[in-house]
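Undergrad: Okay, sequence plus prediction incoming.
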Amino acid sequence: MKEYKFKIGGKDYAVKIGEANGRNLTVNVNGADYQVELSETPDQVGGDAPAATAAPAGNSPVMPGPDRASQPAAPNAAPSGAGKTIKSPLPGIIISINVKEGQAVTRGQKVAVIEAMKMENDILAECDGTITAIHAAKGDSVLEGADIVTIG
């Protein structure tokens with residue numbers, strides 16, 4: 001396994017990348033294993049390291065959970081200019097999303113629950129409005145600062 005150290009948003013991450021089997025490989029991030037599928041095989045990009053695609057500025061990494069591992073990523077919602085994105089306050093696993101797109105919410109309403117360090121943490125709406133986008137799903141492993149929902 002190749003080992004790398006990353007600093008994302010001031011946080012350190014130890015990443016180990018296993019051998020690719022076609023487009024599939026195992027990636028270990030801070031001790032947690034993830035099965036990932038590459039966009040291209042290593043020989044298509046001319047090397048033995050997997051091709052990395054940088055996320056657009058302002059987006060935080062979200063690792064697919066077991067119920068989303070084989071689904072394609074949803075396209076990012078077009079910015080409306082008047083939305084409040086609720087972000088993960090710490091790294092953890094989404095154990096529930098308590099709202100749906102188009103649903104009206106009030107400030108302080110629970111929109112999601114994250115499990116971190118064996119504790120459940122409620123993620124609350126920071127303003128009144130309507131859910132315009134949901135960026136994570138139950139089972140997702142998210143980093144601190146990852147987008148959870150957007151309230152318009």
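TA: Great, that's in hand. All figures in this text were calculated on a predicted structure; none of them were measured in a lab.

Undergrad: Past the helix or strand bottoming out on mean pLDDT in the chain, which element shows up next along the chain?
TA: Across the helices and strands of the chain, mean confidence by mean pLDDT, DSSP states H and E is lowest for strand 62-63: a mean of 53. Downstream of strand 62-63, the next assigned helix or strand under DSSP states H and E is strand 84-87.

Undergrad: packing partners for the following helix or strand past that next one?
TA: Sequence-wise, the next helix or strand downstream of strand 84-87 (DSSP H and E) is strand 92-97. Counting contacts by 3 or more C-beta pairs under 8 Å, 6 or more residues apart in numbering; DSSP states H and E, strand 92-97 is packed against strand 110-116, strand 141-142, strand 147-151. To be clear about C-beta, it is placed using only N, CA and C from the backbone, and glycine gets the same treatment.

Undergrad: would you turn those into CSV with mean pLDDT and distance to Ile86?
TA: Formatted as CSV, the helices and strands packed on strand 92-97 follow (pLDDT from 0 to 100; distance: least, C-beta to C-beta, whole Å):
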stretch, mean pLDDT, distance to Ile86
strand 110-116, 94, 6
strand 141-142, 92, 12
strand 147-151, 93, 5
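
Undergrad: could these be laid out in TSV, adding mean neighbour count?
TA: Shown next, in TSV, are these (neighbours: other C-beta atoms under 10 Å):
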stretch	mean neighbour count
strand 110-116	18
strand 141-142	23
strand 147-151	23
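
Undergrad: which stretch among those strands comes nearest Ile8?
TA: Nearest of those to Ile8, taken as C-beta to C-beta: strand 141-142 at 12.0 Å.

Undergrad: distance of Gly145 from Asn121?
TA: Counting by C-beta to C-beta, to the nearest Å, the separation of Gly145 from Asn121 is 14 Å.

Undergrad: so what are the domain limits for the protein?
TA: What the record gives for the chain is the domain set 2-53, 84-151, from automatic domain parsing.

Undergrad: Check the ones you listed for me: which has the lowest mean pLDDT.
TA: Mean pLDDT values for the domains of the chain show the minimum at domain 2-53, a mean of 72.

Undergrad: close enough to count as contact, Glu115 and Leu90?
TA: No. If you go by C-beta atoms under 8 Å, Glu115 and Leu90 don't touch, sitting 10.3 Å apart.
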